[in-house]
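A.B. asks: model this:
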Amino acid sequence: MKVGLIGCGGIADTHLKVFKSTKNVNIVGICDLNLEKAKNIARKFGIGKTFSDYNDLLEVKDLNLVDVCTPISTHARIVCDAAKAVPAILVEKPMALSVAQCDEMIKETKKHGSNLCISHQQIFLPSIVKAKSLIEKGAFNLTSFTTRQKESFEVLKAARLAADWMVAPEQGGIIWEVCSHLAYLQLHFLPDINEVYAVGGKMKYPIYDHLAVLLRTQNQHFGLIDLSWVSKGTE
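C.D. replies: Next comes the predicted model:
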């Protein structure tokens, strides 16, 4: 399988390591607006072709999969373009910034017969799989479910696990970048959520950098999302 990757930010290393360790997968090219960044990563992983325009990558012959690891606001446009050229697209979470953009991505992939997958890999973690299995077997009755992530954005940035665009209003901030994982896990365990209440603030950045969300299901079960990027420690 021939794979191309678009976007060489921090998460790209993780994706490329998985591709390199998977049998019968050949990373044929990578792309980033910063061509020098793409070249550095290409040397690190032994990738032959680099591009600064993703449209040039999409023209690579017999490309089977494109992996989109770019900022959220670019997902819709890139996926809609890629749908015309490749049979499968993997895009980092969250899917897009609006329901309208998501609908357009689905429409275009269906139109061109391309397969689209959003990277919500946490439901496959062994601990999550085990917990889900216990609940489905009736080992215990799930009354409430909490997802919590408290970090320091500056620490994450220093470790190349976060970038400045993640606190830019046009990219949605942590509600899109991080809360998408926590919300997806809530839906995995509490699929019948019908009420959402939230409170948050902008303590340090121009986006909501800490928030709490209370969820209630049709069966009167509860979910809690506790999220912060201004914490002094990691939780």
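A.B. asks: Only C-alpha atoms from now on, for both contacts and neighbour counts.
C.D. replies: Fine.
A.B. asks: Now the residue minimising distance to the centre of the chain: phi and psi?
C.D. replies: Nearest to the geometric centre of the chain sits K93, at 2.1 Å (C-alpha atoms, centre = their mean). The phi and psi values for K93, taken as degrees, to the nearest 10, are phi -70, psi 160.
A.B. asks: Listing request: residues of this protein with sub-threshold pLDDT.
C.D. replies: Counting by pLDDT under 70, the chain shows no low-confidence range.
A.B. asks: Ends of stretch 204-211, what's the gap?
C.D. replies: 13 Å (C-alpha to C-alpha, to the nearest Å).
A.B. asks: buried stuff in it?
C.D. replies: Using 16 or more other C-alpha atoms under 10 Å as the test for burial, stretch 204-211 gives Y205, I207, Y208, D209, H210, L211.
A.B. asks: go on, stretch 14-26?
C.D. replies: Applying 16+ other C-alpha under 10 Å to stretch 14-26 flags L16, N26 as buried.
A.B. asks: So what touches the host helix or strand of V91?
C.D. replies: In the assignment (DSSP states H and E), V91 maps to strand 88-92. Here strand 88-92 makes contact (C-alpha atoms under 8 Å, 6 or more residues apart in numbering) with 64-70, 75, 79, 82-83, 114-120.
A.B. asks: run the last query once more with 6 Å
C.D. replies: L65, V66, D67, V68, C69, S114, N115, L116, C117, I118, S119 (C-alpha atoms under 6 Å, 6 or more residues apart in numbering).
A.B. asks: Which neighbouring residues are in contact with the nearest residue to the fifth one once chain neighbours are set aside, exactly?
C.D. replies: The spatial neighbour of C69 that comes closest, neighbours along the chain excluded (C-alpha to C-alpha, 6 or more residues apart in numbering), is G7 at 4.8 Å. If a contact means C-alpha under 6 Å, 6+ apart, then G7 has C31, D32, C69, T70 as its contacts.
A.B. asks: Just give me how far the host helix or strand of I41 sits from the chain centre.
C.D. replies: Using DSSP H and E, I41 falls within helix 35-45. In terms of C-alpha atoms, centre = their mean, to the nearest Å, the centre of helix 35-45 is set 22 Å apart from its chain centre.
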